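# Next come a sequence and a model predicted from it.
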Amino acid sequence: MIDQTYLTTDELSSKIKYDVRTIRERLKDSVLLEGIHYVRPFGGRKILFVWEAIERDMKTASSHNPLVMNAIPMANGGVLHG
């Protein structure tokens with residue numbers, strides 16, 4: 001079993017240098033996908049982000065194009081520039 005690091009929205013915001021509001025309003029559900037990038041423990045409202053999945057997808061997007069730094073991959077194949 002792989003250990004995963006779960007982060008609150010505030011912790012993720014600090015780690016990736018995006019505003020909390022940006023994560024909640026623009027990234028969640030368009031770039032960060034439930035079940036992959038975040039979970040809702042016990043079916044509640046609280047959201048915990050899976051750091052390893054977010055880090056992996058951020059690195060994948062930037063490795064495809066070295067000029068695209070700090071980009072977050074979108075579900076449709078595009079990237080969001082921060």
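Now that the structure is in, tell me what you want to look at.
# The protein: strands as residue ranges?
For the chain, the strands defined by DSSP state E cover 6-7, 38-39, 48-50, 71-73, 79-81.
# Could you look over those and pick the most buried one?
strand 71-73 (a mean of 22; mean count of other CB atoms under 10 Å). (Glycine included, C-beta is placed from N, CA and C.)
# Below-threshold pLDDT in the chain: ranges please.
The chain contains residues with pLDDT under 70 at 1, 61-71, 77, 81-82.
# Closest to the centroid, which residue in it?
Centroid-nearest residue in the chain, with CA atoms, centre = their mean: I54, separated by 4.2 Å.
# doesn't S13 make contact with that residue?
No: using CB atoms under 8 Å, I54 is not in contact with S13; the gap is 11.7 Å.
# Spatially nearest residue to the residue nearest to the centre of the chain, not counting backbone neighbours?
Nearest non-adjacent residue to I54, counting by CB to CB, 6 or more residues apart in numbering: H37, 5.4 Å away.
# export the strands of the chain to JSON lines and tack on distance to S30?
Output for those, formatted as JSON lines (distance: least, CB to CB, whole Å):
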{"stretch": "strand 6-7", "distance to S30": "19"}
{"stretch": "strand 38-39", "distance to S30": "12"}
{"stretch": "strand 48-50", "distance to S30": "14"}
{"stretch": "strand 71-73", "distance to S30": "10"}
{"stretch": "strand 79-81", "distance to S30": "8"}
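# dump the residue contacts of M74.
S30, V31, L80 (CB atoms under 8 Å, 6 or more residues apart in numbering).
# How about H37?
Per CB under 8 Å, 6+ apart, neighbours of H37: V31, F49, V50, A53, I54, D57.
# Between the residues you listed, which sits nearest R24?
Each of the contacts of H37 was checked against R24 using CB to CB; the closest is F49, at 11.1 Å.
# Look up how far K59 lies from I2.
Taking CB to CB, to the nearest Å as the measure, I2 falls 17 Å from K59.
# same check, this time on D29
22 Å.
# How about P73?
Taking CB to CB, one finds P73 at 10 Å from K59.
# ditto for D10
In terms of CB to CB, D10 sits 23 Å off from K59.
# Now do the same contact list for the closest residue to R26 other than its chain neighbours.
Leaving aside its sequence neighbours, R26 sits nearest to L80 (CB to CB, 6+ apart; 7.2 Å). Shown in contact with L80 (CB under 8 Å, 6+ apart): R26, L27, S30, V31, A71, I72, P73, M74.
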